[in-house]
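Asks: This is a predicted model, with the sequence first.
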Amino acid sequence: MTKPDWQNYFDQKAATHGASVKASDYYDEASFFMQRDNILRWIGDLSGARILDAGCGVGAFSEPLAAANTVHGVDFSARSLEYAAARGLETHVGDLAALPFAAGFFDLVLCIGVIQLIDDHRPVLRELARVTKPGGTVLVQTLHRVSLQRQLLAFFEKSHKFDKMYAMDELAADFAACGLGSLEFLKLYHPFRFAVTGGAGEAGDFLCTSFALKGRKERG
Ligand SMILES: C[S@@+](CC[C@H](N)C(=O)[O-])C[C@H]1O[C@@H](n2cnc3c(N)ncnc32)[C@H](O)[C@@H]1O
């Protein structure tokens with residue numbers, strides 16, 4: 001789908017599902033919480049940080065962080081942002097390829113379940129790195145192309161809505177090109193509901209359905 005199609009799609013989803021994670025296209029609450037709980041545990045406790053939730057949708061992912069930190073949410077679905085604001089995020093309607101923040105503004109930048117919707121993710125990744133302060137962290141979660149389950153789903157899925165997926169080493173190379181180092185993966189396994197840290201290209205990766213990659217913005 002094109003960019004305006006996605007914008008319209010998520011506006012419609014929010015109009016239908018309201019604050020529910022279904023508005024952000026999660027299959028169900030269990031798969032959302034499995035993912036959120038594991039990623040937030042991996043990030044660890046944070047307080048007083050300035051955080052960007054890039055493509056925040058209805059804000060359900062970063063809601064727990066908003067209690068002790070300042071969380072800004074950017075999304076092109078104005079309808080979704082109404083719910084994100086009610087969850088305590090400072091919201092901005094906009095495109096992730098042109099973020100309305102100064103360089104080095106954030107301690108942590110999250111981008112969860114978004115880059116598989118974007119034709120060319122590299123300008124977006126550069127923007128995420130730009131607004132992160134030196135020593136700060138960029139964390140991106142997306143669909144794993146090598147996954148057996150994903151390949152089967154893609155084969156049977158008629159709409160081809162989520163055709164874009166990523167290999168771990170490919171995204172790691174894109175992170176490095178944006179000046180992000182000390183890379184770490186969190187591999188998520190649906191429907192088995194567990195997550196492990198590790199490197200790219202390990203045995204068992206063919207069952208990993210999605211993964212998160214985090215990297216530290218290098219200083220200077
Ligand atoms: C699958 S939802 C995920 C929402 C949220 N990150 C979560 O995990 O709950 C993807 C979100 O990204 C937003 N999005 C996609 N491409 C975007 C772009 N180029 N600029 C701004 N928002 C975008 C959509 O509007 C949608 O709300």
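Replies: Perfect, I can see it now.
Asks: where's the closest residue to Ala97 other than its chain neighbours, which helix or strand?
Replies: Distance criterion Cβ to Cβ, 6 or more residues apart in numbering; nearest residue to Ala97, sequence neighbours excluded, is Pro123 at 4.9 Å. For the C-beta atoms, the positions are set from N, CA and C on the backbone; glycine is no exception. Per DSSP states H and E, Pro123 falls inside helix 122-130.
Asks: Do me a favour and average the pLDDT over that helix.
Replies: What helix 122-130 shows for mean pLDDT is 98.
Asks: after it comes which helix or strand?
Replies: Later in the chain than helix 122-130, the nearest helix or strand by DSSP H and E is strand 132-143.
Asks: Tell me which stretches of this protein form strands.
Replies: Along the chain, counting by DSSP state E, strands occupy 50-54, 70-75, 90-93, 106-112, 132-143, 180-189, 194-198, 210-217.
Asks: Is the second one positioned near the ligand?
Replies: Yes. Taking Cβ under 6 Å from any ligand atom as the criterion, strand 70-75 and the ligand are in contact, through Asp75.
Asks: Tell me who's in contact with Leu128.
Replies: Contacts for Leu128 (Cβ atoms under 8 Å, 6 or more residues apart in numbering) come out as Leu52, Ala54, Leu96, Leu99, Val109, Cys111, Val138, Val140, Cys178.
Asks: Can you tell me which of the residues you listed is closest to the ligand?
Replies: Nearest to the ligand out of the contacts of Leu128 is Leu96 (Cβ to the nearest ligand atom; 4.0 Å).
Asks: Give the burial count for the closest one, as a bare number.
Replies: Leu96 has 21 neighbours, counted by other Cβ atoms under 10 Å.
Asks: Show the model's pLDDT score for Gln151.
Replies: Per-residue confidence (pLDDT) for Gln151: 76.
Asks: so how far is the ligand from it?
Replies: 20 Å (Cβ to the nearest ligand atom, to the nearest Å).
Asks: pLDDT weak spots in this structure?
Replies: Across the chain, residues meeting the criterion (pLDDT under 70) sit at 155, 157-163, 220.
Asks: Can you tell me which residue is spatially central in it?
Replies: Compute the mean C-alpha point of the chain, and by Cα atoms, centre = their mean the closest residue is Ile112, 1.3 Å away.
Asks: dump the residue contacts of that one.
Replies: Gln35, Ile39, Asp53, Gly55, Phe61, Val140, Gln141, Ala212.
Asks: If you drop the residues flanking it in sequence, what lies closest to the third one?
Replies: Think Asp53. Of all residues not flanking Asp53 in the chain, Ser62 sits nearest, at 4.1 Å (Cβ to Cβ, 6+ apart).
Asks: Phi first, then psi, for the one you found.
Replies: When quoted as degrees, to the nearest 10, the phi and psi of Ser62 stand at phi -90, psi 0.
Asks: What degree of burial does it show, as a neighbour count?
Replies: 25.
Asks: Correct me if wrong: it contacts Cys111.
Replies: No. Look at Ser62 against Cys111 with Cβ atoms under 8 Å: they stay out of range, at 10.9 Å.
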